[in-house]
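Asks: please find the sequence and the predicted model below.
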Amino acid sequence: MATVQNFTPGLEGIIACDTAISFLDVEHEEIVIRGYDLIEISKKLKYLDLVYLLLESRLPSDEERDNLEREIKAEYGLPENVLAILKLLPRQMDAMDALRTGISALAGFDPELEDHSPEANRRKTIRLLARIPAIVANSYRAGQNLPLLEDRPELSYSANFLYLITGTTPGELEASIFDQSLMVYSEHEMPNSTFTARVIASTLSDIYGAVTGATASLKGKLHGGANEAVMRMLLEAGTEHKIEPLIMEKLRNKERIMGFGHRVYMKKADPRALFMKEALLKLCDEIGNWELYDMCVIGEEVIKREKKLYPNLDYYAAPVYFLLGIPIDLYTPIFLSARTIGLCSHVMEQIGNNRLFRPRVQYTGPRNLHP
Ligand SMILES: CC(=O)SCCNC(=O)CCNC(=O)[C@H](O)C(C)(C)COP(=O)(O)OP(=O)(O)OC[C@H]1O[C@@H](n2cnc3c(N)ncnc32)[C@H](O)[C@@H]1OP(=O)(O)O
Ligand SMILES: O=C([O-])CC(=O)C(=O)O
C-alpha cells in the first residue's frame with residue numbers, strides 16, 4: 001500500500017495556507033479579522049465597514065464607507081436574462097441550488113470575467129455584493145409566484161436586502177440586527193466553503209466560479225445548511241416543554257443536533273452564537289414573547305449536559321431570522337450573501353500569492369490487477 005506521511009482525515013488541524021484575513025483564536029475566544037475582534041466591530045460598526053476592512057485591510061472613515069455604499073448601489077439590478085433564468089427554475093428547486101445557478105449565470109454577463117487583476121476582481125466583488133441579495137430574494141419570490149422586487153437605494157444596504165426578502169420596509173431594530181447577523185456571517189477563516197473557493201481560485205479559474213463552488217459547499221447541513229435545520233427542529237418542538245424530549249429522542253436515535261459542535265471550537269463557545277443569542281433576546285423583548293428564546297436556552301442546556309457541546313452561530317441565527325420574518329429556505333442563502341465578501345477576499349489573496357492546491361492520497365485500493 002502506498003503511504004503518504006501526515007494523513008489526517010478531513011484535514012483536521014492542518015494548516016492549508018497562510019492568510020492575513022482572519023484567524024480563530026480559540027484560546028482567547030476571539031475571531032480576529034484583519035487585527036480586529038469580529039464581535040467588537042459587530043457591536044460598534046456596520047456591515048459595510050467590515051466589507052471595507054476585508055477589501056482594503058483597514059477600517060474606513062465615514063466618507064470612505066459612504067463611497068463604498070454608493071459604489072455597490074451603482075451596481076444594483078440583475079441583468080434581464082439572469083432574471084429570466086431564475087423564473088425558469090423549477091419551483092421546488094432548493095434555494096441554494098437556485099442561488100448557485102444565479103451566481104454562475106451572472107458570470108456570463110460580466111465583461112471582466114477573465115481579467116484576474118486585483119482591480120478587476122475588486123470590481124467583480126462589488127458587483128457580487130450588489131447582486132447576490134437580489135438573486136436570493138427574487139429566485140425565492142419567483143418560486144412562490146410573488147412579484148419580483150427591485151432594490152431600493154434609499155435604504156441602507158442591509159435594510160434593502162431585508163426589504164427584498166420580506167417585501168416590507170424593516171424597522172430600525174430589525175435592520176440593525178439583520179446587519180449584525182451579516183457581520184457575524186461575513187468571514188470565518190478556513191471553513192469548507194472558503195477552502196473550496198481557494199482551491200478553485202488556485203487553478204486561476206474565475207471569481208464567479210470560486211463563489212459558485214463555495215455556494216455548493218455551504219449548502220450542506222454539516223456547514224451552512226444547519227441554520228435551516230435548526231429552525232425546523234425548533235418548530236417541530238413547538239414549545240419550551242417539548243424541546244428536551246425531542247432532543248433526547250434524537251440523541252437516542254444517534255442523530256446529530258443541528259447548530260451544535262464545531263470542528264474548531266468543539267468544546268468551546270462560538271462567540272458569534274452568544275452575540276446572536278443577545279440579538280434574539282432583544283427581538284423577543286420587542287414582541288413581548290420569550291417562548292422561542294426560552295426554548296433555545298433549554299436546548300442549549302440539554303446539549304451541554306448530555307454531549308458537552310456548545311451552540312455554533314447557526315443555532316442562534318436561525319431563531320433570529322425567524323423573528324425577522326425571513327422564510328426558512330433563505331437562511332443559508334443569506335449566510336452565503338454575507339460570506340461573499342469573505343470568499344472574494346480569500347480568492348484575491350490566493351491569486352496574489354498562488355500555489356496550486358494538489359494534495360496526495362493514502363491509497364487503499366488493489367494493485368497489480370490485469371485486464
Ligand atoms: C456556521 C457553521 O457552518 S457551523 C457548523 C454547522 N453545522 C452543524 O451545526 C451540524 C451539527 N454539527 C456537526 O455535525 C459537527 O459538530 C461538525 C460537522 C460541525 C463538526 O464535526 P467534526 O469536527 O467533524 O467532529 P465529529 O463529527 O468528529 O464529532 C466529534 C464527536 O462529537 C459528536 N458531535 C459533534 N457534533 C454533534 C452534534 N451536533 N450532535 C450530536 N453529536 C455531535 C460526534 O458524534 C462525535 O462523537 P463520537 O466521538 O462519540 O463519535
Ligand atoms: O468555520 C467553520 O468550519 C464553519 C463556520 O462556522 C463558518 O463558516 O462560519
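Replies: Happy to help now that I have it. These numbers were taken from a predicted model, which means no experiment stands behind them. Numbering: from 1, shown residues only. Ligands and ions are numbered 1, 2, ... in the order given.

Asks: next, count neighbours for the residue in the stretch 201-350 of the chain that ligand 2 sits nearest to.
Replies: Residue of the stretch 201-350 of the chain nearest ligand 2, by C-beta to the nearest ligand atom: R263 (5.2 Å). (C-beta placed from N, C-alpha, C; glycine too.) Look at R263: counted by other C-beta atoms under 10 Å, it has 16 neighbours.

Asks: next: the one 3 residues further on.
Replies: By other C-beta under 10 Å, the residues close to M266 number 13.

Asks: the residue nearest to it when sequence neighbours are not counted: what's it in contact with?
Replies: Spatial nearest neighbour of M266, chain neighbours left out: L309 (7.5 Å); criterion: C-beta to C-beta, 6 or more residues apart in numbering. With contact taken as C-beta atoms under 8 Å, 6 or more residues apart in numbering, L309 is in contact with I257, F260, G261, M266, K267, I303.

Asks: please repeat the previous calculation with a cut-off of 10 Å.
Replies: R256, I257, G259, F260, G261, H262, Y265, M266, K267, E300, I303 (C-beta atoms under 10 Å, 6 or more residues apart in numbering).

Asks: ranking those residues by neighbours, who comes first?
Replies: Ranking these using other C-beta under 10 Å puts G259 first, with 30 neighbours.

Asks: okay, that one: pLDDT?
Replies: On pLDDT, G259 comes in at 97.

Asks: what strand or helix carries the closest residue to it other than its chain neighbours?
Replies: Leaving aside its sequence neighbours, G259 sits nearest to Y315 (C-beta to C-beta, 6+ apart; 3.0 Å). Element membership for Y315, per DSSP states H and E: helix 313-323.

Asks: mean confidence for whichever helix or strand comes after that helix?
Replies: Next along the chain after helix 313-323, taking DSSP H and E as the criterion, comes helix 331-352. Averaging pLDDT along helix 331-352 yields 98.

Asks: now for L86: which residues touch it?
Replies: 78, 93, 98-99, 101-102, 105, 134-135, 138-143, 148.

Asks: can we see that at 6 Å?
Replies: G102, N138, S139, A142 (C-beta atoms under 6 Å, 6 or more residues apart in numbering).

Asks: same question for I72.
Replies: I72 neighbours (C-beta under 6 Å, 6+ apart): I126, L129, A130.

Asks: and if you look at G261?
Replies: Applying C-beta under 6 Å, 6+ apart, the residues near G261 are L309.

Asks: what residues does the stretch 251-371 of the chain have near ligand 1?
Replies: 256-263, 307, 309, 312-314 (C-beta under 6 Å from any ligand atom).

Asks: these in helices, which ones?
Replies: Judged by DSSP state H, the subset of those located in helices is K307, L313, D314.

Asks: could you identify the buried members of those?
Replies: Restricting those to buried positions leaves L313, D314, with burial counted as 16 or more other C-beta atoms under 10 Å.

Asks: any chance of the ones in helices among the residues of the stretch 251-371 of the chain next to ligand 1 in a markdown table, plus pLDDT?
Replies: Listed next are these as a markdown table, based on pLDDT from 0 to 100:
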| residue | pLDDT |
| --- | --- |
| K307 | 96 |
| L313 | 98 |
| D314 | 97 |
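
Asks: possible to save the ones in helices among the residues of the stretch 251-371 of the chain next to ligand 1 as TSV with distance to S202?
Replies: Putting those into TSV (distance: C-beta to C-beta, whole Å) gives the following:
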residue	distance to S202
K307	37
L313	27
D314	28
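
Asks: restrict the ones in helices among the residues of the stretch 251-371 of the chain next to ligand 1 to those near ligand 2?
Replies: Answer for those near ligand 2 (C-beta under 6 Å from any ligand atom): L313.
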